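*Asks:* 3D, please:
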Amino acid sequence: METACTSSSASSSSSEISKRKRRQLQPEKPYRGIRMRKWGKWVAEIREPNKRTRIWLGSYSTPIAAARAYDTALFYLRGPNARLNFPEFILNDESVFQYPHDLSAAAIRKKATEIGAMVDALQSSSSGGGGGSAKVSRVRNKPDLNEYPSPENSEGED
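*Replies:* Residues are numbered from 1 along each chain as shown. Just a heads-up that it's a prediction; the model follows:
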C-alpha cells in the first residue's frame with residue numbers, strides 16, 4: 001500500500017517538474033492577454049465574459065501594440081476597474097468614455113484593432129526609421145530600361 005502512495009507522489013512530482021520546464025522554455029509574456037507566435041508576431045485575444053468564446057484582437061509586430069489592443073477590449077468588457085497593462089493610456093483617452101460600454105463583440109474587436117494598429121504603426125516607424133520610404137526611393141532611382149540613353153543622361157561621363 002505504501003508503494004502505491006510513493007509511486008503516485010513520484011509521478012505527480014515529475015509532472016510538476018515537466019510543467020516547470022515547459023514554462024521555462026516558453027518565451028516570457030511581457031503583458032497580460034498576449035502571446036507570441038512561432039514566427040515572432042504578437043497576437044491578442046480575450047474571452048467574452050460568461051461565454052466560452054474569444055474575441056480575436058489581431059496580430060501585431062510589437063508586444064506593446066498587442067497589449068494596448070487587449071487593454072482596450074478589456075476596458076470595454078470589464079469597465080474602469082479592470083486590471084490593465086497600461087492604465088495611464090486608457091484613462092487619458094477621452095474617446096474611450098464616449099462609447100457606450102455595452103458594445104457587441106464586433107464593435108469591441110474593431111475598436112481594439114484600431115488602437116493596436118495605431119500603436120503598431122507608431123512603434124514600427126519610430127524603431128524602423130522609415131523603412132517603407134527607402135523602398136520607394138530605390139524604385140524611383142532605377143533607370144527605365146525601355147528608354148535609349150541620351151548623351152546628357154549618360155552616367156559614364158561627368
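*Asks:* What ranges does this structure have for its strands?
*Replies:* Counting by DSSP state E, residue ranges of the strands within the chain are 34-36, 42-47, 54-60.
*Asks:* could I have the second one exported to PDB, CA atoms only?
*Replies:* As requested, C-alpha coordinates have been extracted for strand 42-47 and formatted as PDB (Å, rounded to 0.1, in the frame of the first residue of the first chain):
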ATOM      1  CA  TRP A  42       2.400  39.100 -31.200                       C
ATOM      2  CA  VAL A  43      -1.300  38.300 -31.000                       C
ATOM      3  CA  ALA A  44      -4.000  39.400 -28.600                       C
ATOM      4  CA  GLU A  45      -7.300  37.800 -27.800                       C
ATOM      5  CA  ILE A  46      -9.800  38.000 -24.900                       C
ATOM      6  CA  ARG A  47     -12.500  35.800 -23.600                       C
END
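*Asks:* and L77, which of the strands of the chain is closest to it?
*Replies:* Proximity to L77 (CB to CB) singles out strand 42-47 among the strands of the chain, at 6.8 Å. Where you see a C-beta, it was placed from the backbone N, CA and C, and this is true even at glycine.
*Asks:* what packs against the closest one?
*Replies:* Strand 42-47 sits against strand 34-36, strand 54-60, helix 63-78, with contacts defined as 3 or more CB pairs under 8 Å, 6 or more residues apart in numbering; DSSP states H and E.
*Asks:* among those, which is the most enclosed?
*Replies:* helix 63-78 (a mean of 24; mean count of other CB atoms under 10 Å).
*Asks:* before we move on, back to that, need the strands of the chain in CSV with distance to E88, can you?
*Replies:* Formatted as CSV, these follow (distance: least, CB to CB, whole Å):
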stretch, distance to E88
strand 34-36, 18
strand 42-47, 19
strand 54-60, 20
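*Asks:* is it possible to export those strands to CSV including mean pLDDT and distance to M118?
*Replies:* Shown next, in CSV, are the strands of the chain (pLDDT from 0 to 100; distance: least, CB to CB, whole Å):
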stretch, mean pLDDT, distance to M118
strand 34-36, 92, 16
strand 42-47, 93, 14
strand 54-60, 93, 11
